[in-house]
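Visitor: Provided below are the primary sequence and the corresponding predicted coordinates.
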Amino acid sequence: MKNFSDLEQFRRLANTGQRWGCVTLAQHGDDLMLINLCELLGLETPSYLDLGAHHPFTLSNTALLYERGSRGVNIEANETLMAAFKLYRPEDKNICIGVGTVKGGMPFYMFGEQSGINSFSKDHAFVHLAHLEVRKTVVLDVMPINDIVRNYCEGKWPDILLSDIEGMDFEVLQAADFSKSKPRIIVVEVRRGDSAHFKSLLADRGYICYCRMGENLFFIQEADGYLVY
């Protein structure tokens, strides 16, 4: 699929009983689950903050939301990937910066110029992905998540927080300040062996784990449980 207009030819295959069509642009159908949850929660055009957004529609969890009228903030550290966001997601805020726990420069381990597994985590790059070759290391600017919310989300958490930052997700979520506002939905990439740590962390913040879609865990606020079950 080259661009959003290509979706039209796929829509013609949709059965009228398929409420959200027959197209998913996410890796594991995550976007369809998001649309489902948003409908159950009464979020017609939810806002989003996508950390490690990677691409405006290839393996994107937010492309279908954008197409349906939602707008949000895409955070991507790799400058090579930002041109596509500016072209295909012009009404989003597209910010080229990394996400870390402190502001400053951090080594960015790159497996390829457009790879979705490039990471600021040395452990992720050289231990969990030891079977692959880091082709280049560059130092890029990173910003703490609370600063991102303050600077680009008008100081308030959007409806949906998505985090796919290759090994940095737990540290970043741990630093997130949900004291004044918090997302209705959190989608985070989690290795199966680490699920209990994320569930415990977010349970302390008032979230329950709704489901797993492939590599991603979906969390909703505990107070919203009655709306989705």
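Guide: Okay, I see it.
Visitor: Determine the set of other helices and strands touching the lengthiest helix in the chain.
Guide: Ordering each helix of the chain by length in residues (DSSP state H) puts helix 30-41 first. For helix 30-41, the packing partners by 3 or more CB pairs under 8 Å, 6 or more residues apart in numbering; DSSP states H and E come out as helix 63-67, strand 185-189, strand 207-213, strand 216-221, helix 225-228. To be clear about C-beta, it is placed using only N, CA and C from the backbone, and glycine gets the same treatment.
Visitor: residues in contact with M143?
Guide: I97, G98, V99, G100, K103, N151 (CB atoms under 8 Å, 6 or more residues apart in numbering).
Visitor: Give me the ChimeraX select line for those, limited to the buried ones.
Guide: Burial among the contacts of M143 is assessed by 16 or more other CB atoms under 10 Å; the matching ChimeraX selection reads:
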select :97,98,99,100
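Visitor: Which single one of the contacts of M143 is nearest to Y207?
Guide: Nearest to Y207 out of those is V99 (CB to CB; 19.3 Å).
Visitor: ranges for the strands of this protein?
Guide: Applying DSSP state E to the chain gives strands spanning 48-51, 72-75, 93-95, 98-100, 104-110, 136-144, 160-163, 185-189, 207-213, 216-221.
Visitor: about what we covered before: name the stretch among the helices and strands packed on helix 30-41 that sits most buried.
Guide: Comparing those by mean neighbour count (mean count of other CB atoms under 10 Å), strand 185-189 ranks first with a mean of 24.
Visitor: Not counting sequence-adjacent ones, nearest residue to A175?
Guide: Computed as CB to CB, 6 or more residues apart in numbering, the closest residue to A175 that is not its neighbour in sequence is T101, at 5.2 Å.
Visitor: For L49, give the beta-bridge partners.
Guide: Counting by DSSP bridges, L49 is bridged to V73, L161.
Visitor: Revised request: answer the last question for L140.
Guide: M106.
Visitor: contacting residues for it?
Guide: L140 neighbours (CB under 8 Å, 6+ apart): A77, I97, G98, G105, M106, F108, F120.
Visitor: H55 and Y88: what is the separation?
Guide: Going from H55 to Y88 by CB to CB, to the nearest Å gives 9 Å.
Visitor: which one of the helices and strands packed on helix 30-41 lies closest to G17?
Guide: G17 sits nearest to helix 63-67 of all those, at 18.0 Å, using CB to CB.
Visitor: who's in contact with the closest one?
Guide: Defining contact as CB under 8 Å, 6+ apart, one finds that helix 63-67 is touched by 4, 7, 20, 23-26, 31-32, 34-35, 38, 46, 48, 56-57, 72, 89, 91-92, 160.
Visitor: coming back round to it: surely the residue nearest to A175 touches F170?
Guide: No - using CB atoms under 8 Å, T101 is not in contact with F170; the gap is 10.5 Å.
Visitor: Please work out how many residues are found near T16.
Guide: 5 (other CB atoms under 10 Å).
Visitor: which residue is nearest the centroid of this structure?
Guide: The centroid of the chain falls nearest to L162 when counting by CA atoms, centre = their mean (2.9 Å).
Visitor: what sits against it?
Guide: The contact partners of L162, by CB under 8 Å, 6+ apart, come to Y48, L49, D50, L51, A53, N61, T62, I186, V187, V188.
Visitor: returning to that earlier point: with neighbour numbers in mind, choose between T101 and F170.
Guide: Taking neighbours as other CB under 10 Å, T101 and F170 compare with F170 leading, 16 against 13.
Visitor: Run a quick check on that one versus A196, I expect a contact.
Guide: No - F170 is not in contact with A196 according to CB under 8 Å; the separation is 11.5 Å.
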